[in-house]
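Enquirer: need coordinates for the following:
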Amino acid sequence: MDRVTIRFPGRLGIQQRVLPHYRVAFFDALAAVCDGGLNLFAGLPRPEESITVTDQLHRAGFTAAHNIHILGGPFYLCYQRGLRRWLNDWQPDALILEANPRYLSTPAALSWVEQRNVPVIGWGLGSARGSPPIFGKNGGSWRGVYLRKFDALITYSRRGADEYAALGFPADKIFVAPNASAPRPASPPPQRNPAPPIPLTILFVGRLQARKRVDNLLRACASLPVEIQPRLVIIGEGPERLNLEELAKAIYPLTEFAGAKFGDELVPYFTAADLFVLPGTGGLAVQEAMSYGLPVIMGAGDGTNDDLVRPENGWQIPPEDIEALKGVLLTALSNVPRLRAMGTASYRIVVEEINLEKMVEAFLEALTSVAGVVPPASAIQPPPESFPRPTR
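Expert: Numbers count the residues shown, from 1 in each chain. Sure, this is the predicted structure:
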């Protein structure tokens, strides 16, 4: 991580509904530049959610919330029992809350900071995704009033920032923190043959579950002209593995199922690949693939990856649209020089724009905007364990 010249001098509190395991590196890195420490308040997901959570942080502290989920599907609400007690115990000098009106305990936290004149920052996806359907056609106006209770907002993408600004929130108080799960690459990308032998290799890394739409990837590859059909390598485990193996045996025998791989076990697979494809939702492995100079095809999701995968380095497609996936695969595999150039762009993006270091920097900018600019302090170098490679 780059040497930090601006630090937060006080105690930082962060509320999250849940703590996904892939966020540990980020919260530990942010804690390293908070002189008073960082404490995270989070609970457990709904049983039907496929979220791997943890309560193990190395630098930051953790306080368990008791999440009470109400209703379900797009109508769900969440109340976090213990939030006010945590605030009284931790006494943060600044607070970051998920800016989501579904969370029924947030008004109590906003009241707490207002009474004590503590700055509060909202962290969210953007205004188009957040108001539950129960707020009806006036949800946008209501959300604008809700957001103005925050002193600043942090969002993952420029799209999210534009949505917040459209609701009247001051643009100079909106900060884009790129959705990063890994630090800036420490080594150059592999050197790939500009004219590789056929077939090219497509790589998928992730949990094998229905929402990943690996079945669509198999069908799309099978529909390609024989002369460009790729070798397909599937890394991961999950409830869909047996079904996918049967489907591959029937329609696409050029598929290899390598099982779950982690850390250094993944290096030869990323190095040997020509294209990374994640046809469904989710995208933890995308940034890692880009650090190996791979172009990316991925299912469009909630906007958090808008700035990560763009026309210069890949394609975003509707996650259920197999015809769109077929068309993009045909385009990608038919022009190897362009594919290599897109891989170079992927590497540049994760080196210069989207990595854990940039994400921490954006949070510090938001904090100093509401708490005052902090005089430069002697910077520290977070230890390597603060930045573990994410596991899946």
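Enquirer: show me the shaky parts of the stretch 201-350 of the chain.
Expert: For the stretch 201-350 of the chain, applying pLDDT under 70 flags the ranges 302-303.
Enquirer: so how far is stretch 250-257 off the chain centroid?
Expert: Relative to its chain's centre, stretch 250-257 lies at 30 Å (Cα atoms, centre = their mean, to the nearest Å).
Enquirer: that stretch: end-to-end distance?
Expert: Start-to-end span of stretch 250-257 (Cα to Cα, to the nearest Å) is 14 Å.
Enquirer: can you list contacts of it?
Expert: The contact list for stretch 250-257, computed with Cβ atoms under 8 Å, 6 or more residues apart in numbering, reads 199, 218-219, 221-222, 229-234, 241, 244-245, 248. To be clear about C-beta, it is placed using only N, CA and C from the backbone, and glycine gets the same treatment.
Enquirer: who wins on neighbours among the residues you listed?
Expert: Neighbour tally across the contacts of stretch 250-257 (other Cβ atoms under 10 Å): the maximum, 25 neighbours, falls on C221.
Enquirer: tell me the helices and strands packed up against the strand or helix carrying it.
Expert: Using DSSP states H and E, C221 sits in helix 214-222. Counting contacts by 3 or more Cβ pairs under 8 Å, 6 or more residues apart in numbering; DSSP states H and E, helix 214-222 is packed against strand 201-205, strand 231-235, helix 241-251, helix 322-333.
Enquirer: ok, and what's touching the first one?
Expert: The reference is to strand 201-205. Against strand 201-205 from outside (Cβ under 8 Å, 6+ apart): 212, 214, 217, 221, 230-236, 261, 266, 269-270, 272-279, 285, 288-289, 294, 329, 392.
Enquirer: how about the longest one?
Expert: Helix 322-333 is contacted by residues 200, 202, 216-217, 219-221, 223-225, 228, 230, 275, 277, 279, 295, 297, 315, 317-318, 339 when judged by Cβ under 8 Å, 6+ apart.
Enquirer: now the buried members of those residues.
Expert: By neighbour count, with 16 or more other Cβ atoms under 10 Å, the contacts of helix 322-333 hold 200, 202, 216-217, 219-221, 223-224, 230, 275, 277, 279, 295, 297, 315, 317, 339 as buried.
Enquirer: any idea of the pLDDT on R7?
Expert: Among the per-residue scores, R7 holds a pLDDT of 89.
Enquirer: ok, now E353?
Expert: E353 carries a pLDDT value of 93.
Enquirer: roughly how far apart are the closest residue in space to it that isn't next to it in sequence and L330?
Expert: Excluding the flanking residues, the one nearest E353 by Cβ to Cβ, 6 or more residues apart in numbering is P178, at 6.6 Å. Using Cβ to Cβ, to the nearest Å, P178 is found at 30 Å from L330.
Enquirer: neighbour count winner among these two?
Expert: Using other Cβ under 10 Å as the criterion, P178 and L330 rank with P178 on top: 23 against 14.
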